[in-house]
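1. Any chance you can model this:
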Amino acid sequence: MSKEENEKNRIKYEFDEIQSENGDFDFSKHLARPEDLPDLGEIEIYDYDSDLTVASQQAMDVLEPLVDLYLGDVPKLKEHPYIKSKMKEDAMVYAEAIFLTKMTRKNLLTQMRQVDNGDNSARMHEVVNQTVGQIRENAKFLSGQKSELEKFYKTLRKDLGYSEIEQEALPIESETKSPEGEVTTNRELNEMIKLAMLNKAQDKAK
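-> From the prediction side, this is the model:
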């Protein structure tokens, strides 16, 4: 018998010995019971598609009143195929920014829960700080994006030869008195209306 065959037989013999010695071994007695495990709670699958849909609607809630503010009194311009296509494209970019902002916020909450559960490593705090910084950047980008959109539609109106919205919006008295008796010009009143509309749209986007 060769050396290799002897080694195979030896291993087989030892394996059979181990099996025979532990034939009655009950593994179930050495496994954790369900009641001994921590309650991990119900696993929730996040609905990203739903969040994308909501972000798209929030973006349209911003773009539609914005375009109406600058082009609403010029129906043929507002309904022009390029303007409609441009508004949809702008809304898509704005929606992506809203979605990324939500995901960054969701990521921060997950990280904070990890810290609450005892992960207080220096690396974990570094990650949390980076995420907080990203949230600030997202807010800055959203604000800048809205300003760029306002600038575009306002400049477009002017370049096409239409008068400024302040001259068209309220063709009533040149001055209006506020409840406190202070005189408010049409320009100031229009600015107040514009800010109110934009703030309302921003509240919907949150």
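
2. From now on I want contacts and neighbour counts done on CA atoms only, so please keep to that.
-> Fine.

3. What number of residues are in the vicinity of the spatially closest residue to Leu77 that is not a sequence neighbour?
-> Nearest residue to Leu77, sequence neighbours excluded (Cα to Cα, 6 or more residues apart in numbering): Leu71, at 6.8 Å. Neighbourhood size, Leu71 [other Cα atoms under 10 Å]: 21.

4. ditto for Ser147
-> Using other Cα under 10 Å as the criterion, Ser147 is surrounded by 11 other residues.

5. Can you tell me the element it falls in?
-> In this structure, Ser147 sits in helix 122-159 according to DSSP states H and E.

6. how about that helix: buried residues?
-> Applying a neighbour-count criterion of 16 or more other Cα atoms under 10 Å, the buried positions in helix 122-159 are 128, 131-132, 134-135, 138, 141-142, 145-146, 149-150, 153-154, 157.

7. Now do the buried residues in whichever strand or helix holds Leu109.
-> Applying DSSP H and E as the criterion places Leu109 in helix 81-116. Judged by neighbour count (16+ other Cα under 10 Å), helix 81-116 contains these buried residues: 87-88, 90-92, 94-95, 97-102, 104-105, 108, 111-112.

8. So which of the buried residues of helix 122-159 is the closest to Thr53?
-> The shortest gap between Thr53 and any of those belongs to Leu142, at 17.9 Å (Cα to Cα).

9. so the closest one touches Ala97, yeah?
-> Yes. Taking contacts as Cα atoms under 8 Å, Leu142 lies within contact range of Ala97: 6.7 Å.

10. for this structure, what helix or strand is lowest in average pLDDT?
-> Taking mean pLDDT, DSSP states H and E as the measure, the chain has strand 175-177 as its least confident helix or strand, at a mean of 44.

11. ok, now which ones touch the closest residue to Gln111 other than its chain neighbours?
-> Distances taken as Cα to Cα, 6+ apart place Val128 nearest to Gln111, at 6.4 Å, with adjacent residues excluded. Shown here is Val128, whose contacts under the criterion Cα atoms under 8 Å, 6 or more residues apart in numbering are Leu108, Gln111, Met112.

12. Met60: how many residues sit nearby?
-> Around Met60 there are 21 other residues, counting by other Cα under 10 Å.

13. for it, phi and psi?
-> The phi and psi torsions at Met60 (degrees, to the nearest 10) take the values phi -70, psi -30.

14. And it, how far from Arg105?
-> From Met60 over to Arg105 the distance is 21 Å, taken as Cα to Cα, to the nearest Å.

15. One more: Val62?
-> Val62 is 21 Å from Arg105, where distance means Cα to Cα.

16. Likewise for Gln111?
-> 10 Å.

17. Ok, Arg10 next?
-> Separation of Arg10 from Arg105 (Cα to Cα): 62 Å.

18. before we move on, what about His80?
-> With Cα to Cα as the criterion, His80 and Arg105 are 37 Å apart.
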